[in-house]
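Visitor: Sequence and predicted structure below; questions after.
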Amino acid sequence: MKKPKDASGVYRNLVNQFNRIFTESLRDGSVSSQTQFRYRSSFNVFMRFCAERYRLQKLGKVRDRFVTEFIAWRKGQGISLDTIRRDVVAIRHFHARNETAEFRLRPLEDYDLARTNRTYIQRGWHEDEFAGICAKAAALGRQEVLLAVRLAWYTGLRIHECVRLNTCDVKDSLRTGEITVKGKGGKVRSVPVSPEAREILITAAAVAGELGLTKLFVPEGRQAHQVIKSIESFVARHRGHAMTGDREKPITFHGLRHRYAQDERARGKSLPEVSRLLGHEREDITKVYVKQ
């Protein structure tokens, strides 16, 4: 039998192309750096598959057939559907940011990746946990953490959506009563500004103005992904003192969105309304947030 050719050189070529995409994606800050590093691991598996299966020379040539066959290959390995789903999310994320891409990939829900049933885990923060993290941030002089956590609590914004806000966004929100953000996949949505959120935005804009900054939370000399990582690390470092004893999973910044969704549902908003506020494409994702 003829020995298959070594695909390591093809794989390295794809990695070199990917590194440029990855750098730009980090700089964009539309998704947290922690998530993007997880995405990178998934995309590496996909690139190795494409190198060995197709001898693919250019990432711009990736198309739906490659993704579909990758899914089948992963299933054949016994990989769980949830893991494969995360792989495909990563593939679509970086493919959408590849300026050389020649083909559009199908929406995620069009692939054969039905979610497995999972036991509900409460990820929304309790009020005592919120108060504890805020108190710790104030005590340590981490005003950017305090303001970002409070803003996410009252608006349900993702961390990258908070960090990307600038003083012009604040002016617009004070005029319209809504804050407009660009979420995952470039999806734009508007979120009502409550009196509490209005106060936080005014304070953050004032602090930024005193420092001569345009971005609310990104100081001079730092990039958005660095600030995101710093805020996430603060929560991870100090959550042990703030968490209540009935936790199955530790709190994360993203859990603030879960709490916001639960609060909005409790106030009488319908599931589709809450889904729109969160920027979800599918209501079944929102159901996980509100335990429905």
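Guide: Right, received. Where do you want to start?
Visitor: Just the element for Ser190, please.
Guide: According to DSSP states H and E, Ser190 maps onto strand 188-192.
Visitor: Output the contacting helices and strands for that strand.
Guide: With contacts taken as 3 or more CB pairs under 8 Å, 6 or more residues apart in numbering; DSSP states H and E, strand 188-192 sits against strand 178-182, helix 271-278. Where you see a C-beta, it was placed from the backbone N, CA and C, and this is true even at glycine.
Visitor: between these, which gets nearest to Thr100?
Guide: Taking CB to CB, strand 178-182 is the member of these nearest to Thr100, at 22.7 Å.
Visitor: got any ranges where the stretch 151-292 of the chain has weak pLDDT?
Guide: For the stretch 151-292 of the chain, the stretches flagged by pLDDT under 70 are 292.
Visitor: Start from the N-terminal end of it and give the helices.
Guide: Per DSSP state H, counting those that start in this stretch, the stretch 151-292 of the chain carries helices over the ranges 159-163, 167-176, 195-210, 224-242, 255-266, 271-278, 283-290.
Visitor: right, and the ones you listed - which one's nearest Arg106?
Guide: Between the helices of the stretch 151-292 of the chain, helix 283-290 lies closest to Arg106; by CB to CB that is 17.8 Å.
Visitor: Residues touching the closest one, excluding its own?
Guide: 115, 120, 123-124, 257-258, 261-262, 265, 271-272, 274-275, 278, 280, 292 (CB atoms under 8 Å, 6 or more residues apart in numbering).
Visitor: What pLDDT does the model give Asp82?
Guide: In this model, Asp82 is scored at 84, pLDDT.
Visitor: Can you name the helix or strand that it falls in?
Guide: Per DSSP H and E: helix 81-96 holds Asp82.
Visitor: Lys182 and Arg164 touch, don't they?
Guide: Yes. Using CB atoms under 8 Å, Lys182 is in contact with Arg164, at 7.3 Å.
Visitor: Quick check: neighbours shared by these two?
Guide: Ser30.
Visitor: between those two, who's got more neighbours?
Guide: Arg164 (22 against 14; other CB atoms under 10 Å).
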